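> Let's see this in three dimensions:
(one chain, ligands or ions: 1)
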Amino acid sequence: MAQKISNSVLKRLPVYLSYLKSLPEDAPENISATTLAAALNMGEVQVRKDLALVSDGGRPKIGYQRLGLVEDIEQFLGYDNTNDAVLIGAGKLGRALLGYSGFSEYGLNIVAAFDSDASVAGTDASGKPVLPLSALEDLCSRRKILIGILTVPAAAAQGVCDLLIRNGIKAIWNFAPTHLDVPPQILVQNENMATSLAVLSKHLSAQMKGY
Ligand SMILES: NC(=O)c1ccc[n+]([C@@H]2O[C@H](COP(=O)([O-])OP(=O)(O)OC[C@H]3O[C@@H](n4cnc5c(N)ncnc54)[C@H](O)[C@@H]3O)[C@@H](O)[C@H]2O)c1
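Okay, here's the model as predicted:
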């Protein structure tokens, strides 16, 4: 299963996973790609192909053993080994992410937040520490942190990104609405609301024209 997987498959896998995990404990033991596709209103062929990429547990006419499929998808997505991360910018968004307990289900553990404003240092409502930037180097090297979450204003994002890379960060989850210049070996995942909203409003206006 060393095959390269497209981003669109990677985005669909958590959708399957969250549906499978939402089923009650006494739901049928097996589930077919057809049932899953119908429940999620997705194309059956696509679901079948996606599942075959991550699990070899599919049986003709029976489908997949439901719990086995959950395990296969989680293992494929790496949710079974937790990745520690640091978050930079303990403002409104940063604190919301820091307090979100659901990340553990996705194998993400935010160890601490950092902020340039010394007055916000202390402990967050979630119990996670908010530290001054001067403590970043020590924590990143001690805990061998590889993931950085950027929730600083756009104007500060590139500088903080460079600082993270200097401290060994290899993957950046960027919430600041700005492009980041990084060396080729560094992975950046942008969470840009403007692009999502553009898709939403374009679809909506196309639909409204039909009324
Ligand atoms: N609030 C939201 O709902 C939301 C949604 C989507 C995207 N964003 C984006 O997320 C980012 C943060 O938004 P916010 O609303 O939380 O802002 P905020 O002003 O509440 O928080 C920003 C925090 O970053 C800190 N900071 C500034 N420069 C820094 C630096 N160089 N190093 C470390 N910390 C620094 C500030 O002290 C502050 O605590 C922005 O880029 C914003 O566009 C916010």
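> For the ligand, give me its nearest residue in the protein.
Nearest residue of the chain to the ligand (CB to the nearest ligand atom) works out as residue 91 at 1.6 Å. Placement of C-beta: from N, CA and C, glycine included.
> which parts of stretch 11-23 are buried?
In terms of neighbour count (16 or more other CB atoms under 10 Å), stretch 11-23 has its buried residues at 12-13, 16-17, 20.
> Could you list which of these belong to strands?
In strands, judged by DSSP state E, none of these are found.
> Could I get those residues in a markdown table, plus columns for distance to the ligand and pLDDT?
Converted to a markdown table, the buried residues of stretch 11-23 look like this (distance: CB to the nearest ligand atom, whole Å; pLDDT from 0 to 100):
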| residue | distance to the ligand | pLDDT |
| --- | --- | --- |
| 12 | 24 | 95 |
| 13 | 24 | 94 |
| 16 | 27 | 96 |
| 17 | 25 | 94 |
| 20 | 29 | 96 |
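> Tell me the one of those nearest residue 34?
Nearest to residue 34 among the buried residues of stretch 11-23, counting by CB to CB, is residue 16 at 13.3 Å.
> Pretty sure the closest one sits against residue 72.
No - in this structure, residue 16 is not within contact of residue 72 by CB atoms under 8 Å, at 10.4 Å.
> Residues of the chain that sit close to the ligand?
Those residues of the chain that sit near the ligand, judged by CB under 6 Å from any ligand atom, are 88-94, 115-117, 120, 133, 151-154, 156, 159-160, 175-177, 193.
> Without its sequence neighbours, what residue ends up closest to the residue of the chain closest to the ligand?
Among residues not flanking residue 91 along the chain, residue 151 sits closest, at 6.5 Å (CB to CB, 6 or more residues apart in numbering).
> Just the buried residues of stretch 11-23: which are in helices?
Per DSSP state H, helices hold the following members of the buried residues of stretch 11-23: 12-13, 16-17, 20.
> could the residues you listed go into CSV alongside distance to residue 79?
As requested, these are arranged in CSV below (distance: CB to CB, whole Å):
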residue, distance to residue 79
12, 15
13, 10
16, 13
17, 8
20, 13
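> Looking at the residues you listed, which one is closest to residue 127?
residue 17 (27.0 Å).
> residues touching the closest one, list them.
The contact partners of residue 17, by CB atoms under 8 Å, 6 or more residues apart in numbering, come to 70, 73-74, 77.
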